[in-house]
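Engineer: starting from these lines, generate the structure:
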Amino acid sequence: MSSETSVPTPPSVSAAPDLHRITAAVRRLVVTESRLSVDPATIAEDEPLDGPLLKVNSLGFLGMLIRLEDDLQVALPDDLFVGRKFATVRDLIDLVASATETAR
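Structural biologist: The predicted structure is shown next:
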């Protein structure tokens, strides 16, 4: 009897980060960028990027985008930024999630 072989999943689907991984990466980066000593899991998704707790300026924001692309192996094309405002952690999570959906 011959054994069945499984068909591999295309790399773009299996390599795409899930929402949990995206959220964890974004939280970790905003904590690092803000130079905080807190557990990233404690950062709320509605936390302002530049508010009383987090201190993410425009230059830091750009650096985080580059690190997210590298860490999650996802491209963030320029057209994803059109018409968007980035005020909260959730806004950044949604951006990366949109990029992974586009890549699929």
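
Engineer: which stretches of the chain form helices?
Structural biologist: 11-14, 19-33, 58-72, 89-103 (DSSP state H).

Engineer: quick one: mean pLDDT over the shortest one.
Structural biologist: For helix 11-14, the per-residue pLDDT values average out at 42.

Engineer: among the helices of the chain, where is the model least confident on average?
Structural biologist: Across those, helix 11-14 gives the lowest mean pLDDT, at a mean of 42.

Engineer: buried residues in stretch 45-57, which are they?
Structural biologist: 47, 49, 50, 53, 54, 56 (16 or more other Cβ atoms under 10 Å). Placement of C-beta: from N, CA and C, glycine included.

Engineer: got the contact list for it?
Structural biologist: 23, 30-31, 33-36, 43, 61, 64, 86-93 (Cβ atoms under 8 Å, 6 or more residues apart in numbering).

Engineer: dump that stretch to PDB, restricted to CA.
Structural biologist: Taking C-alpha atoms only, stretch 45-57 is exported to PDB below (Å, rounded to 0.1, in the frame of the first residue of the first chain):
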ATOM      1  CA  GLU A  45      -5.200  48.100  21.800                       C
ATOM      2  CA  ASP A  46      -7.000  51.500  22.300                       C
ATOM      3  CA  GLU A  47      -3.800  53.000  23.900                       C
ATOM      4  CA  PRO A  48      -2.800  56.200  22.100                       C
ATOM      5  CA  LEU A  49       0.600  55.900  20.300                       C
ATOM      6  CA  ASP A  50       1.600  59.300  21.600                       C
ATOM      7  CA  GLY A  51      -0.300  59.800  24.900                       C
ATOM      8  CA  PRO A  52       0.300  59.600  28.600                       C
ATOM      9  CA  LEU A  53       1.900  56.100  28.500                       C
ATOM     10  CA  LEU A  54       3.300  55.500  25.000                       C
ATOM     11  CA  LYS A  55       5.600  58.000  23.400                       C
ATOM     12  CA  VAL A  56       5.900  57.200  19.700                       C
ATOM     13  CA  ASN A  57       7.000  60.100  17.500                       C
END
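
Engineer: follow-up on the earlier one: now render the helices of the chain as CSV, adding mean neighbour count and distance to residue 81.
Structural biologist: Shown next, in CSV, are the helices of the chain (neighbours: other Cβ atoms under 10 Å; distance: least, Cβ to Cβ, whole Å):
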stretch, mean neighbour count, distance to residue 81
helix 11-14, 9, 22
helix 19-33, 19, 16
helix 58-72, 15, 9
helix 89-103, 18, 8
